[in-house]
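Chemist: Okay, here's the prediction I keep looking at, along with the sequence it came from:
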Amino acid sequence: MTTLYVDADACPVKDEAERVATRHRVPVKLVCNGGLRLSQNPLVEVVIVPEGPDVADMWIADRAGPGDVVITGDIPLAAKCVAAGAQVLKHDGEALTQVNIGNALAMRDLMQDLRAADPFRQGGGKGFSKSDRSRFLDALERVLRKAKS
C-alpha cells in the first residue's frame, strides 16, 4: 500500500498534498518537530519527532520504500528515499530519481561550499510561486495515480 510521507517542517504544499492524497485515499504522514495543527482527516497522521538535526529526515528514510511517495526539499533525504525505491517530489513538482539525484547532490554541495567561502553571499534562491504550486499538484496527481496502479 502506498503511503505519502511529507517532510513537513517548512513545507509549502502540505495542504495540497493532503487534498490530492485524500482524493486517492492514500494515507499521509506529516513528519515534523512540532508546531503543526492536527488534521481532522482520518487519512492524515501528524508524526512529531524529537528535536534534533535531521531527526524527521531519519524517521522518513527509515520507513519510505518501494511504492511510497516522499515530498521533500532536502536533497540528502531525497537520495536516501530514492535509493530505498520511493518516488520523491520536491515542492515545485520536480521529481528526484536515480537519474538526477547525483547531480542534485553535487549542486547542493557546490552551493554549500560557495556559501561557506563567501559569508556575505545572501540567499540567491527564487521564491515559491503559483506556477510552482500548480506544477506540484500536477506531478503529485501523476505520481499517486502511477503508484496505485
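Modeler: Noted; the coordinates are in hand.

Chemist: Just list the residues touching residue 96, thanks.
Modeler: Taking Cβ atoms under 8 Å, 6 or more residues apart in numbering, we find residue 96 in contact with 75, 78, 79, 82, 88, 89, 90, 104. Every C-beta, even on glycine, is put in place using the N, C-alpha and C of the backbone.

Chemist: Would you quantify the distance from it to residue 79?
Modeler: Using Cβ to Cβ, to the nearest Å, residue 96 is found at 8 Å from residue 79.

Chemist: joint contacts of these two?
Modeler: Common contact partners of residue 96 and residue 79 (Cβ under 8 Å, 6+ apart): residue 104.

Chemist: So in the chain, where's the weakest helix or strand by average pLDDT?
Modeler: Using mean pLDDT, DSSP states H and E, the weakest-scoring helix or strand in the chain turns out to be helix 101-117, at a mean of 72.

Chemist: Any chance of TSV for the contacts of residue 96, columns neighbour count?
Modeler: TSV is the format used below for the contacts of residue 96 (neighbours: other Cβ atoms under 10 Å):
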residue	neighbour count
75	17
78	29
79	19
82	22
88	28
89	25
90	20
104	19
